[in-house]
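Student: kindly generate the corresponding structure for this input.
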Amino acid sequence: MSQGRDDAGRFEESVSEQEILKVFDYEDDPVLTAPEVAEGLRRFGKQITPEGVRNRLGEMDEKGLVSRKKLGARAVGWWAEVAPELDSTTAETIDSRKESDEWEEL
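Tutor: As a prediction, this is how the structure comes out:
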């Protein structure tokens, strides 16, 4: 079995949709190119090529998670249509504080 492939020989996804959505959440600009998303993922310790990001964003576009717009002859801008899911600990903390005055501490 090759590195990065599952038992059937297919490439394993090394970057989740949530991790890609997190890049949009962390960047100041809401519209990013595939190379900018790839660079953002590197800051989170994930390695993926801009071409790999383009493929993943295309799949996510079909699911309604992101949208795109052609910006020039070869440039495409992408933006998130949904926010990344909260990790379970943060979600539990928010749920426990719904009826309290502790919101300022988040």
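Student: hmm, Glu27 is touching Glu39, no?
Tutor: No - using Cβ atoms under 8 Å, Glu27 makes no contact with Glu39, being 9.6 Å away. Where you see a C-beta, it was placed from the backbone N, CA and C, and this is true even at glycine.
Student: Lys69 belongs to a helix, doesn't it?
Tutor: No - when classified by DSSP: H, G, I helix; E, B strand; the rest coil, Lys69 is found to be strand rather than part of a helix.
Student: from Pro35, how far out is the residue nearest to it when sequence neighbours are not counted?
Tutor: Distances taken as Cβ to Cβ, 6 or more residues apart in numbering place Gly77 nearest to Lys69, at 5.2 Å, with adjacent residues excluded. The gap separating Gly77 from Pro35 is 12 Å, by Cβ to Cβ, to the nearest Å.
Student: and for the residue nearest to Lys69, the neighbour number?
Tutor: Using other Cβ atoms under 10 Å, Gly77 has 17 neighbouring residues.
Student: and the contacts of the helix or strand hosting it?
Tutor: For Gly77, the enclosing helix or strand under DSSP states H and E is strand 76-80. The contact list for strand 76-80, computed with Cβ atoms under 8 Å, 6 or more residues apart in numbering, reads 21, 24-25, 30-34, 37, 54, 57, 61, 65-71.
Student: repeat that for stretch 49-58.
Tutor: 13, 15, 17, 20, 33-35, 37-38, 41, 48, 66, 68, 76, 78.
Student: from those, pick the one nearest Glu92.
Tutor: Glu17 (22.0 Å; Cβ to Cβ).
Student: hmm, that closest one is touching Leu65, no?
Tutor: Yes - in this structure, Glu17 is within contact of Leu65 by Cβ under 8 Å, at 6.2 Å.
Student: just how off-centre is the lengthiest helix in the chain within its chain?
Tutor: Criterion DSSP state H: the longest helix present in the chain is helix 50-62. Counting by Cα atoms, centre = their mean, to the nearest Å, helix 50-62 is centred 10 Å from the centre of its parent chain.
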